[in-house]
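K.L.:
need a structure here:
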Amino acid sequence: MLLVSGRQHEQQQLVHFLRGATVTSTYCPTQDDIQQQLQSTVWQLRRTGAVSGMVGKIENPVFRVTGLANSQPDGVLRDMLAALIKNKLPEEANNNSALSIAIVPSCYGNQPERVAIIEFNGAIPDFLSGLTQNPLEEWQEVMGGTDISFDQHFFGFTQLYTPKPDYPITADIVAITGLGGHAYGSWRSKKNLGRMWLHHFLEKDLPCCRTMTYGYNSKLSSQGIDILLDYGRELIEELRKIRSTEEQRQRPLFFIAHSFGGLIVSHCLIKASQTNEEDDLAIASLYKATYGMLLFAIPHKGLVVDDVQKMLSGQEHPRNGLLKEINTSSDSLASQLAQFKNVIRDRKVVSFYETAQTRKLEFNHESQRWERTGDFMTVAGPESALLQLPDYMEDKIPLAFDHSMIVKFDSNNARGYTSVRDRLRKFEIEAPKVVQGRFAQSDRKLPVEDTSQNKTVYDHDFKEQRSSLLDSIHRMADLASIFRSNGQFNQAHDFCSRALVSRVQVLGDMHPDTIRSRADLAAILHDQKKFTEAREVGVTALQQRKNVLGDRHPDTLESCAVLANIESSLGNHQCSRQLRETALDTRTEIWGENNLDTIRSKADLASSLRIDRQYDLAYQHCSKALVLREQLLGDKHPDTIRCRADLAAILHDLKRFGEARIFGVMAVDQRKEVLGLTHPDTLNSYVVLANIECSLGNHQESLALRMLGSY
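P.N.:
Have a look, this model is predicted:
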């Protein structure tokens, strides 16, 4: 997406302003003269209002400053910041620039610092102008002997005001914006005052809450390859940091989400609901602490992204994978929606949906940028934005705004804002008792009679024993993985089987960790060449993952790939190829071609094509997978070496024996170095190279290699 910077915007306006001027002088100025005159003219035009000097429609840009010394009073920090900024402005601009500086606590308890939110009304220093042109960048300054950072991206969590002193914090409010949004600007009115209601209105209406906005990079113009899974993991990790103490973990939590941000919240809560306290206390607590959520135009059934895809058409743009994942035909969203509706049945849900249409993106050839000037469309109407739960479970509120304006409230008496305020106030009153009850229930000590000692033992002891047992099970599973990577398949089978039996007993048959152990066991049985047993276990694992996680979950696709390998070893090559094609197509659609799982599927399909004697096509897939693995994993990663060994075999099939020998020798040497002389993969490479040497007429070398391969 092409954006016009603040300076470009000024210069464009200046050109239009000067077009009507009459040139009467024949003086030919120098470049320095032109620059000086341009700056002077810009300042004059700013003062008269002919040039705004700001980016986009928001006239007063807002910046965040982090790293402020916690030891300094807020008033001192404000004065120091104001002095630093004014010293960076030209003298003429100082008279035309006003600052609004709010000093707030850092959300992160491990960082004893303060944060500033600065709003400009008028001129801004050059170093901050640079941030408006490059909004993902940061600028560092030294203030009072401390390094501080300016940014305009607001990534991570930013607290928007200081809760009322001497009162306990009643709840955490977390606001997360949508695709291509901004943690501060997306919630900000476009009227002349530019009010940001989470900051300016909630500070007065919910003064005892810790209200935070969450920023993340989902700009379509960026080169990010993140998908929904990545954004969900990122949010969970940041929530872990800001809710690190026991009091914070048990504090009521309210989510406010807009558009794609709601899908991230959905992913986060599903994950939290599936997490045991013994595995991850911080994440499991998120689900218990969540009392309610305000959902604005959430595309539960997918977004209409035709115009955005048009903007990115003709490019192998890294954002295409994300767009495919969230469009209206997305299977993964359908699966997530079903899980989300089950997860939130006892939570308070308020769904706001848009009743005004949004213009499509169109390319403006004059300004050379994409603008919303096209036909009208409904981005997330009631059929997508509502969970379609009964009214007593879901509060459904229409707002007469388009997809962007639905979260921008101009005043504290706007109809949309008063609805939000009233719900949040109700949450604040009701939540403490409910949330405390959830945590008390999990901590409750249930008496059990111990006949041998004739005394009461409590659930607390059992929890400690269970936690210790789960740790032991995790260690068994980890050991199984280590033994398998070292080619010690019998030991891997032993530990994986024990982990599976224990997880069934402790967690149940359908817990994701239990299913993971079952899937791992299928792969190990395949390594042991116990193909029939492997197929039975693999089919069960795949079906369970489909039922629990959905058809397009990464773990489900992994089970699909494992079962494909098993079917191939059993001689069911057509079934194997279909499974591999399904995995490759789905992974490509969701994550794009440069994802490591997609690359693995491409390499697996090359094996099926080779079995079907489609050697040219197999070569294309395998060689492309090799190039990508070299770039992403390095030359000596086991997966890269495996691809190189496979390519040697395919080149042999193509009767390109000289090239095959080069790749075969490299694979043998690298596997000996990385895996060892007796690793099964190393032994297999000896056999492949023996076949190549035989085809080249080097029978002595071939015989020697076969002997090594049969070690």
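K.L.:
surely residue 683 meets residue 705?
P.N.:
No - taking Cβ atoms under 8 Å as the definition, residue 683 is not a contact partner of residue 705, at 10.2 Å. Quick note: C-beta positions are derived from backbone N, CA and C, even for glycine.
K.L.:
ok, these two, which is more surrounded?
P.N.:
Using other Cβ atoms under 10 Å as the criterion, residue 683 and residue 705 rank with residue 705 on top: 23 against 18.
K.L.:
now do the strands in the stretch 451-600 of the chain.
P.N.:
455-457 (DSSP state E, counting those that start in this stretch).
K.L.:
can you pull out the low-pLDDT segments for it?
P.N.:
451-468 (pLDDT under 70).
K.L.:
could you pull out the helices in it for me?
P.N.:
Ranges of helices in the stretch 451-600 of the chain, per DSSP state H, counting those that start in this stretch, are 459-485, 489-507, 512-527, 531-549, 554-569, 573-591, 596-611.
K.L.:
just checking, what packs against the third one?
P.N.:
So that's helix 512-527. Here helix 512-527 touches helix 459-485, helix 489-507, helix 531-549, helix 554-569, going by 3 or more Cβ pairs under 8 Å, 6 or more residues apart in numbering; DSSP states H and E.
K.L.:
next, the angle helix 531-549 makes with that helix.
P.N.:
Counting by axes from the mean of the first three to the mean of the last three Cα atoms, to 10 degrees, helix 512-527 lies at 160 degrees to helix 531-549.
K.L.:
what's the neighbour count on the nearest residue to residue 517 once chain neighbours are set aside?
P.N.:
The shortest distance from residue 517 to any non-neighbouring residue, by Cβ to Cβ, 6 or more residues apart in numbering, is to residue 500 (4.0 Å). Neighbours of residue 500 under the rule other Cβ under 10 Å: 24.
K.L.:
residue contacts, residue 500?
P.N.:
514, 517-518, 521 (Cβ atoms under 8 Å, 6 or more residues apart in numbering).
K.L.:
closest to residue 582 among those?
P.N.:
residue 518 (20.4 Å; Cβ to Cβ).
K.L.:
can you tell me, leaving aside adjacent residues, what's nearest to the closest one?
P.N.:
Per Cβ to Cβ, 6+ apart, closest to residue 518 is residue 541, 4.4 Å.
K.L.:
buried sites along the longest helix along the chain?
P.N.:
If you go by DSSP state H, the chain has its longest helix at helix 415-443. Neighbour-count burial for helix 415-443 flags 416-417, 419-421, 423-424, 427-428, 431-432, 434-435, 438-439 (criterion: 16 or more other Cβ atoms under 10 Å).
K.L.:
try stretch 125-136
P.N.:
Applying 16+ other Cβ under 10 Å to stretch 125-136 flags 125, 128-132, 135 as buried.
K.L.:
what distance separates it from the centre of its chain?
P.N.:
Remark: stretch 125-136 is offset 26 Å from the chain centroid, using Cα atoms, centre = their mean, to the nearest Å.
K.L.:
may I have that stretch as CSV, with CA atoms only?
P.N.:
Extracted in CSV, the C-alpha atoms of stretch 125-136 (Å, rounded to 0.1, in the frame of the first residue of the first chain):
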residue,chain,number,x,y,z
PRO,A,125,10.5,18.5,15.0
ASP,A,126,12.3,17.0,12.0
PHE,A,127,13.2,13.8,13.9
LEU,A,128,9.6,13.1,14.5
SER,A,129,8.6,13.9,11.0
GLY,A,130,10.9,11.1,10.1
LEU,A,131,8.8,8.7,12.2
THR,A,132,5.6,9.8,10.3
GLN,A,133,7.4,8.9,7.1
ASN,A,134,8.7,5.6,8.5
PRO,A,135,6.1,4.6,11.1
LEU,A,136,7.8,1.3,12.0
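K.L.:
mean confidence for that stretch?
P.N.:
Stretch 125-136 shows a mean pLDDT of 86.
K.L.:
please apply the same query to stretch 439-448.
P.N.:
Rounded mean pLDDT across stretch 439-448 is 54.
K.L.:
domain ranges for the chain?
P.N.:
As assigned by automatic domain parsing, the chain contains the domains 6-48, 154-304+317-358+379-435, 457-550.
K.L.:
for residue 87, find the nearest of those domains.
P.N.:
domain 6-48 (17.4 Å).
K.L.:
export the contacts of residue 500 as TSV, with columns for distance to residue 608.
P.N.:
What follows is the contacts of residue 500, written out as TSV (distance: Cβ to Cβ, whole Å):
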residue	distance to residue 608
514	30
517	27
518	24
521	24
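K.L.:
so which of those wins on neighbours?
P.N.:
residue 517 (27 neighbours).
K.L.:
residue 230: neighbour count?
P.N.:
Residue 230: 16 neighbours (other Cβ under 10 Å).
K.L.:
what's the first helix or strand after the helix or strand containing it?
P.N.:
Per DSSP states H and E: residue 230 is located in helix 228-242. Using DSSP H and E, the helix or strand that follows helix 228-242 in sequence is helix 246-249.
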